[in-house]
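Novice: give me the fold of what follows.
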Amino acid sequence: MNSKTSLFAAAIVLSLLLGLTLYAQKQNGTRVAWEYHVWSFNTWQEATAKLYEDGNQGWELVAVTETPTTYEPVLRGGSVTIYLKRAK
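Specialist: Sure, this is the predicted structure:
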């Protein structure tokens with residue numbers, strides 16, 4: 001097969017897989033309801049401890065942000081915010 005034919009075949013296979021995935025999701029028809037938690041901490045150690053605690057209760061990490069408070073010659077202070085979700 002030449003490269004154009006291979007790319008065309010790959011595109012068809014990917015399109016079929018995407019279509020089947022969307023079809024299966026529509027057939028299922030159930031929507032998951034989520035609950036969310038947002039926690040802010042002064043250190044990564046505190047955030048990590050909370051992640052272990054909540055992870056054991058079924059919470060999943062969605063995102064993490066880190067916000068510095070000052071930019072002197074050395075970064076001083078700041079906060080770590082974690083965003084969690086789990087199915088209701």
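Novice: average pLDDT across stretch 40-56?
Specialist: Stretch 40-56 comes out with an average pLDDT of 90.
Novice: residues touching it, excluding its own?
Specialist: Identification of contacts with stretch 40-56 by Cβ atoms under 8 Å, 6 or more residues apart in numbering yields 37, 39, 61, 64, 77-82, 84. All C-beta atoms are positioned from the backbone trio N, CA, C, and that covers glycine.
Novice: please apply the same query to stretch 78-88.
Specialist: With contact meaning Cβ under 8 Å, 6+ apart, stretch 78-88 is reached by 32-44, 46-47, 50-51, 54, 57-69.
Novice: flag every buried residue along it.
Specialist: Within stretch 78-88, the residues that count as buried by 16 or more other Cβ atoms under 10 Å are 80, 82, 84-85.
Novice: secondary structure and distance to Gly19 added to those residues, as CSV?
Specialist: Shown next, in CSV, are the buried residues of stretch 78-88 (DSSP: H, G, I helix; E, B strand; the rest coil; distance: Cβ to Cβ, whole Å):
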residue, secondary structure, distance to Gly19
Val80, strand, 41
Ile82, strand, 36
Leu84, strand, 33
Lys85, strand, 28
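Novice: show me the residue at the heart of this structure, geometrically.
Specialist: What sits nearest the mean C-alpha location of the chain, by Cα atoms, centre = their mean, is Val62, with 3.9 Å.
Novice: and the nearest residue to it once chain neighbours are set aside, how far is that from Thr69?
Specialist: The shortest distance from Val62 to any non-neighbouring residue, by Cβ to Cβ, 6 or more residues apart in numbering, is to Tyr83 (4.5 Å). Taking Cβ to Cβ, to the nearest Å as the measure, Tyr83 falls 20 Å from Thr69.
Novice: much appreciated, bye for now.
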